[in-house]
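# what's the 3D shape of this:
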Amino acid sequence: MDSFDTPGERNETRVRPAEVRETVTVRAPAGTVIGRRTGSVRRFLGIPYAEAPTGTRRFAAPARRGRFTEPFDASWHGATAQRVPLFATTTVPEPSVPGDDVLNLGIVAPDADDDREPFPVLVWIHGGGFLAGSPASPWYDGRAFARDGVVCVTVGYRLGVDGFAVLEDVPANLGLRDLLLALDWVQDNIAAFGGDPDRVTVAGQSAGGAAVLALLSSPAGSGRFHRAAGLSGGTFAADGDAARNFLGRLGHRLGVPPTRAGFADRAVEHIQQCVVDLRDEQGDDMPALGLFVGDDILPAPIADGLTRHGHAVPLLLGATGDEFDGDTTTRTAGSREAGTRVTDTLFRAACPRVAASRRDAAAGTWLYSFEWPSPVLGGATHCVDIPFFFDVLDAPGVAEALGPNPPGELAALTHTDLAGFVRGQEPSWARAAGTLGDAAREYGRRGAALTADTTGVFDPVVPAVSGVAEAC
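Here you go, the predicted structure:
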């Protein structure tokens, strides 16, 4: 596998791989792109899909990037929208990369030639509560997907105030609009990299999983992707009044009015640091920024939109067993069944609710529950499933989060299921309808067979908790 320099060892605005291998050139509609090949895996990183959101383009809808006039060197990860991490320590390694071109994507693809069928495509949306996160994480390296005949695309999008502020004269859901434009770029260009634009799966985890459900529920998402996978997502959205209240307090702290002009007068780094400071002052409460319902992208609540849109798109959906309730030593008997945990109210309850809203969808919905308990984190906590689904147990940071010996056979199983789904295979277990006793694939519970399919994993259906913002 390729190694990457630490965030402090950068060449201008990109993270340079420690060893650059053979270069490879692709001529795409967007222009000539020069990447690198390691064995049979090709990488093209940091490709801008939109104009840099700076100056007059800041707080504006994304603008399609013009065709490259010179060959674009895609040897390094591009700039990240995250400038200041939301937490000092995160489970997922999330490097921040400086630079203005934050609306970029990376492609990891198998070797291709003109004589073979194009590969299916996985478009990955990172998590981070719509406030943080990084598409440059080594946990999102798509080398195992490329090995198994899938093109993996990781997408950067605007975060926090710049991506999800509710302001006058600013389009709502700018970060979601970024993702829609990235999907358009994939449709136009991915064939040049060996991908099939007619077999695109959009997938993501945490906020990325919530974004997947939002795109599935949005009329704007129609035709831009053909399958969807949501890991630890949800159907919740930001409360407009709470978001405006937070922006008012943030503006006061920054010394600017809470307006487009006011926030545009402050650097992204300064704003993100103030968001972190306000978060720290109010304890565990997260800033009230995120998906906003009521514009042309999300005209209706996500749960309602799912009853009307995306029924031709197969959906794989699940959560970890413990999410943010990882201390299994203090869990009371029956706590999961009682639905008293953050895990249930924010994440697991979304699975049967979404399945119920898609009960009439011909394409089908399949549920899974990831139950393998990290010996380091104290349970099947939030994010521990990512290295398994990507089959990158040797990636930096995995041993620190999962211990020295996470089960490789479990990674092989979970990755094979997701890669098969992207390739168009129907999962081997029964479809879900959002009713008691729905079947689900259960991964990694102690004492359970690796291939166990169970019923009732998501029983009972726990009502949603209103007004709770995404916490991851």
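# in the stretch 101-250 of the chain, where is pLDDT below threshold?
Filtered on pLDDT under 70, the stretch 101-250 of the chain yields the residue ranges 114.
# buried residues, stretch 262-271. List them.
G262, F263, A264, R266, V268, I271 (16 or more other C-beta atoms under 10 Å). In short, each C-beta sits where N, CA and C put it, glycine included.
# now, the residues you listed that are in helices?
Secondary structure defined by DSSP state H assigns G262, F263, A264, V268, I271 of these to helices.
# just the closest of the residues you listed to G31, please.
V268 (26.9 Å; C-beta to C-beta).
# next up, the contacts around the closest one.
By C-beta atoms under 8 Å, 6 or more residues apart in numbering, the residues touching V268 are A81, R83, D162.
# got the contact list for the second one?
When you say that, I think you mean R83. Contacts for R83 were tallied using C-beta under 8 Å, 6+ apart; they are S96, P98, V268, E269, Q272.
# try 10 Å this time
R83 is in contact with 96-99, 102, 132, 159-160, 162, 267-273, counting by C-beta atoms under 10 Å, 6 or more residues apart in numbering.
# which residues are in contact with G310?
Applying C-beta under 10 Å, 6+ apart to G310 gives the contacts 213, 215-219, 221-222, 225, 228, 357-358, 361, 363.
# at 7 Å what do you get?
For G310, the contact set (C-beta atoms under 7 Å, 6 or more residues apart in numbering) comprises L216, S217, G221.
# can I get those residues in TSV with distance to D417 and secondary structure?
Shown next, in TSV, are the contacts of G310 (distance: C-beta to C-beta, whole Å; DSSP: H, G, I helix; E, B strand; the rest coil):
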residue	distance to D417	secondary structure
L216	19	helix
S217	24	helix
G221	24	helix
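# out of those, who's nearest G305?
The closest of the contacts of G310, once distances to G305 are taken by C-beta to C-beta, is S217, at 2.9 Å.
# ok, now how distant is that closest one from V313?
From S217 across to V313, the span is 11 Å (C-beta to C-beta, to the nearest Å).
# one more: L346?
L346 is 24 Å from V313, by C-beta to C-beta.
# ok, those two, which is more surrounded?
Taking other C-beta atoms under 10 Å, L346 and V313 do not tie; L346 has more neighbours (25 against 21).
# how close does the nearest residue to that one once chain neighbours are set aside sit to E323?
Leaving aside its chain neighbours, L346 sits nearest to G234 (5.9 Å; criterion: C-beta to C-beta, 6 or more residues apart in numbering). Distance, G234 to E323, using C-beta to C-beta: 10 Å.
# sort out which residues of whichever helix or strand V276 is part of are buried, please.
If you go by DSSP states H and E, V276 is part of helix 268-281. Within helix 268-281, the residues scored as buried using 16+ other C-beta under 10 Å are V268, I271, Q272, C274, V275, V276, R279.
# before we move on, what about stretch 376-393?
By 16+ other C-beta under 10 Å, the buried positions in stretch 376-393 come out as 376-393.
# hmm, who's touching it?
Residues from elsewhere that reach stretch 376-393 (C-beta under 7 Å, 6+ apart): 91-92, 139-141, 144, 205-206, 231-232, 320-324, 326-328, 370-374, 395, 398, 401-403, 406, 408, 410-412, 414-415, 418, 472.
# do the same with stretch 153-164
Under C-beta under 7 Å, 6+ apart, the answer for stretch 153-164 is 53, 58-59, 78, 80-82, 102-107, 121-125, 128, 130-132, 135, 140, 173-175, 178-179, 182, 186, 238, 263, 268, 271-272, 275, 289-290, 292.
# which of these are buried, as a ChimeraX select command?
The following ChimeraX line selects those of the contacts of stretch 153-164 that are buried, judged by 16+ other C-beta under 10 Å:
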select :53,58,59,78,80,81,82,102,103,104,105,106,107,121,122,123,124,125,128,130,131,132,135,140,173,174,175,178,179,182,186,238,263,268,271,272,275,289,290,292
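# out of the contacts of stretch 153-164, list just those in strands.
N104, L105, G106, I107, V121, L122, V123, W124, I125 (DSSP state E).
# ok, residues contacting the helix or strand where G204 lies?
In the assignment (DSSP H and E), G204 maps to strand 195-205. With C-beta under 7 Å, 6+ apart as the test, strand 195-205 has contacts from 109, 118-127, 151, 183, 186-187, 190-191, 211-212, 215, 225-233, 386, 422, 424.
# for it, which positions count as buried?
Buried residues in strand 195-205, counting neighbours by 16+ other C-beta under 10 Å, are found at G195, D196, P197, R199, V200, T201, V202, A203, G204, Q205.
# just checking: what are the partner strands of it?
According to DSSP bridges, strand 195-205 has the following sheet partners: strand 119-125 (parallel), strand 227-231 (parallel).
# so which of those strands is nearest P257?
Comparison of these against P257 by C-beta to C-beta identifies strand 119-125 as nearest, at 32.0 Å.
# quick one: F68 from V354, how far?
The spacing between F68 and V354, counted by C-beta to C-beta, is 39 Å.
# oops, could you answer that again for F225 instead?
With distances taken as C-beta to C-beta, F225 is found 16 Å from V354.
# circling back: pick the one among the buried residues of strand 195-205 closest to R36.
Nearest to R36 among the buried residues of strand 195-205: G195, at 17.7 Å, using C-beta to C-beta.
# which stretch among the strands paired with strand 195-205 comes nearest G456?
Across the strands paired with strand 195-205, closest to G456 is strand 227-231 (C-beta to C-beta), at 20.6 Å.
# residue contacts, A50?
Listed by C-beta under 7 Å, 6+ apart, the contact partners of A50 are P62, A63, R64, R65, L103, D178, L181.
# burial of the last one, as a residue count?
If I follow you right, that is L181. Neighbour count for L181, taken as other C-beta under 10 Å: 21.
# list the contacts of it.
Residues in contact with L181 (C-beta under 7 Å, 6+ apart) are Y49, A50, P62, R64.
# do that again at 6 Å, thanks
With contact set as C-beta atoms under 6 Å, 6 or more residues apart in numbering, L181 has these partners: A50, P62.
# export the buried residues of helix 268-281 as CSV, with columns for pLDDT and distance to E168.
Converted to CSV, the buried residues of helix 268-281 look like this (pLDDT from 0 to 100; distance: C-beta to C-beta, whole Å):
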residue, pLDDT, distance to E168
V268, 97, 20
I271, 97, 18
Q272, 96, 22
C274, 95, 20
V275, 94, 20
V276, 92, 25
R279, 86, 25
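# of the residues you listed, which is the nearest to R43?
Of all those, the one with the least separation from R43 (C-beta to C-beta) is V268, at 26.8 Å.
# follow-up on the earlier one: tell me the buried residues within the contacts of stretch 376-393.
91-92, 139-141, 144, 205-206, 231-232, 320-324, 326, 370-374, 395, 398, 401-402, 406, 410-411, 414-415, 418, 472.
# got the end-to-end distance for stretch 365-375?
Chord length of stretch 365-375, first to last residue, is 31 Å (C-alpha to C-alpha, to the nearest Å).
# does S369 count as helix, strand or coil?
With DSSP: H, G, I helix; E, B strand; the rest coil as the basis, S369 sits in strand.
# quick check, pLDDT for the nearest residue to it once chain neighbours are set aside.
The shortest distance from S369 to any residue other than its chain neighbours is 4.6 Å, reached at V457 (C-beta to C-beta, 6+ apart). pLDDT, V457: 88.
# in this structure V457 contacts A440, no?
Yes - judged on C-beta atoms under 6 Å, V457 makes contact with A440 at a distance of 4.3 Å.
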